[in-house]
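Enquirer: A predicted structure for the sequence below; I have some questions about it.
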Amino acid sequence: MEPIRTERLILRRFRREDAAGLLAYLREPRSTCFASLRLPDLDAAHAEAERRAANDEAIAVALRDTDQLIGDLFAVPEPPDTFSIGWNFDAAFAGAGYASEAAQALVRHLFEERGARRLYAYVEDHNVASQRLCERLCMRREGVFLEFVSFVDDAKGRPVYENTMQYALLRREWRG
């Protein structure tokens, strides 16, 4: 993918040099849906950065002025014209509007450049920040899946099932 520049950010492919930034937010993922991506050390982060660099599904989000990695987006295609989207950002950069700025650029790119007809995102019912971001993107909540998926186990090794909301946006609904 060609880099996408916004006022403060650059959305681009991952590089091996992003490992330290990736480790900063995947050493202890804030959202349980990213628990399986937990990284124990810098070596694992280098391997993950290289894995992500191999295709356009994982998109690095870096500060435009310094190229410092602060989070990532994903856009997984579902042919012929649908994409599952999501985001994961370093908590140290929360509250500055970076996730919103990056996600808006991604939505624009998917509709205008990739020919998307429909975008959707899954959000756990306790992840209020991501719910708000979906709403800022003008996505509508399509439903709630009760005890839909488990990302972690409890202390006794039993799966902890989470309620998951699905948000979506059609190109014809999009306010570019």
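Expert: Yep, it's here.
Enquirer: what is the rounded mean pLDDT of the helix ranked longest in the chain?
Expert: Longest helix in the chain by number of residues (criterion: DSSP state H): helix 98-112. Across helix 98-112, pLDDT averages out at 98.
Enquirer: please, which helix or strand holds the residue lying closest to A35 once chain neighbours are set aside?
Expert: If the residues on either side of it in the chain are set aside, A35 comes closest to F151, at 4.8 Å by C-beta to C-beta, 6 or more residues apart in numbering. Glycine gets a C-beta too; all of them are placed from N, C-alpha and C. Following DSSP states H and E, one finds F151 within strand 140-153.
Enquirer: got the buried residues for that strand?
Expert: By neighbour count on 16 or more other C-beta atoms under 10 Å, the buried set for strand 140-153 is F151.
Enquirer: list the neighbouring strands of that strand plus their orientation.
Expert: As defined by DSSP bridges, the strand partners of strand 140-153 come to strand 159-170 (antiparallel).
Enquirer: now do the partner strand against helix 98-112, angle only.
Expert: 50 degrees (axes from the mean of the first three to the mean of the last three C-alpha atoms, to 10 degrees).
Enquirer: what segments of the protein are strands?
Expert: Applying DSSP state E to the chain gives strands spanning 4-5, 9-12, 58-63, 69-78, 82-89, 118-124, 140-153, 159-170.
Enquirer: pull the last one out as PDB, backbone CA atoms only.
Expert: In other words, strand 159-170. Taking C-alpha atoms only, strand 159-170 is exported to PDB below (Å, rounded to 0.1, in the frame of the first residue of the first chain):
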ATOM      1  CA  PRO A 159     -13.300 -19.500  28.600                       C
ATOM      2  CA  VAL A 160     -14.600 -16.000  29.400                       C
ATOM      3  CA  TYR A 161     -17.200 -15.200  26.700                       C
ATOM      4  CA  GLU A 162     -17.700 -11.600  25.800                       C
ATOM      5  CA  ASN A 163     -20.700  -9.800  24.300                       C
ATOM      6  CA  THR A 164     -19.700  -8.300  21.000                       C
ATOM      7  CA  MET A 165     -21.300  -5.500  19.000                       C
ATOM      8  CA  GLN A 166     -21.100  -5.200  15.300                       C
ATOM      9  CA  TYR A 167     -20.900  -1.800  13.700                       C
ATOM     10  CA  ALA A 168     -21.100  -1.200   9.900                       C
ATOM     11  CA  LEU A 169     -21.000   1.500   7.300                       C
ATOM     12  CA  LEU A 170     -22.100   1.300   3.700                       C
END
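Enquirer: that'll do, ta.
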